[in-house]
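Visitor: just the structure for this:
(one chain, ligands or ions: 1)
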Amino acid sequence: MRKIIFVTGNSHKVVEATRIMSPLGIEIEQNNCGYPELQEDKLEAIAGFGAKWAANKLNSEVMVDDSGIFIDALSGFPGPYSAYVARTLGNERILKLLEGDTNRRACLKCVIGYCRPGHEPMVFGGEVAGEIAKDIRGNLGFGYDPIFELGILTFGEMKDEEKNRISHRYRALLKFVRWLKENK
Ligand code: ITT
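Guide: Model (predicted):
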């Protein structure tokens, strides 16, 4: 089975990517070496830069995953700053920011960056549109999952299989795997 190094410090991403990619014939191995995260508006730029940097550092083909939540009523905030905002504000404070707001629309985005040493990176994006819940619900998933609602359930209330069938990460990884298979 083809094996690709996944450079990330987030083990939840690794679990999800493994469940999505192994049935498609791709094995992944986590590497924690990290990469410089550009201060950029676009996840594509952050993921592309990170993948190129890590591929050259490890001298191996690598993938990275840059994700974020884009909240309509906050003009897309926190977007590319989602990791920082999760650490500093957290889900409860985000719900407070939206208190009384009737526009609950939000979008989760994932961009997979892939690069071979000495080459230019490729990026593959996926997104899922939903709403910010009124309260925190569910303890499955991770990050913003307990406040991201799709239909009647939050991602935090969905089993892995369910989230992985419809998620932003699934959509991005599917594009990536299709491309990998056509470009061995
Ligand atoms: P790496 O950069 O090391 O991969 P990270 O957790 O810092 O890990 P990001 O920079 O992509 O990842 O930050 C994205 C933030 O969005 C972070 O707080 C995650 O917990 C959260 N997040 C990412 N994927 C998510 C998902 O599927 N559901 C909910 N929240 C998610």
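Visitor: enumerate the residues of this protein near the ligand.
Guide: Proximity of the chain to the ligand is confined to 8-10, 13, 65-68, 82-83, 86, 108, 141-145, 155, 167, 169 under the rule CB under 6 Å from any ligand atom. The C-beta positions use only the backbone N, C-alpha and C, and glycine is treated the same way.
Visitor: helix, strand, or coil at the residue of the chain found nearest the ligand?
Guide: With CB to the nearest ligand atom, the shortest gap between the chain and the ligand falls at G143, namely 2.5 Å. Local secondary structure at G143 is given as coil here, using DSSP: H, G, I helix; E, B strand; the rest coil.
Visitor: and the nearest residue to it once chain neighbours are set aside, how many neighbours?
Guide: Distances taken as CB to CB, 6 or more residues apart in numbering put A86 closest to G143, at 5.9 Å, once the chain neighbours are dropped. By the criterion of other CB atoms under 10 Å, A86 has 17 neighbours.
Visitor: ditto for N59
Guide: Other residues lying near N59 total 10 when counted by other CB under 10 Å.
Visitor: where do the helices sit along this protein?
Guide: With helices called from DSSP state H, the chain shows them at 11-21, 43-58, 82-88, 90-97, 160-166, 168-182.
Visitor: ok, and which of those has the densest surroundings?
Guide: With neighbours defined by mean count of other CB atoms under 10 Å, none of the helices of the chain is more surrounded on average than helix 43-58, at a mean of 22.
Visitor: quick one: that helix to helix 168-182, angle?
Guide: 50 degrees (axes from the mean of the first three to the mean of the last three CA atoms, to 10 degrees).
Visitor: picking up where we left off before, mean pLDDT added to the helices of the chain, as CSV?
Guide: As requested, the helices of the chain are arranged in CSV below (pLDDT from 0 to 100):
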stretch, mean pLDDT
helix 11-21, 98
helix 43-58, 98
helix 82-88, 97
helix 90-97, 98
helix 160-166, 97
helix 168-182, 97
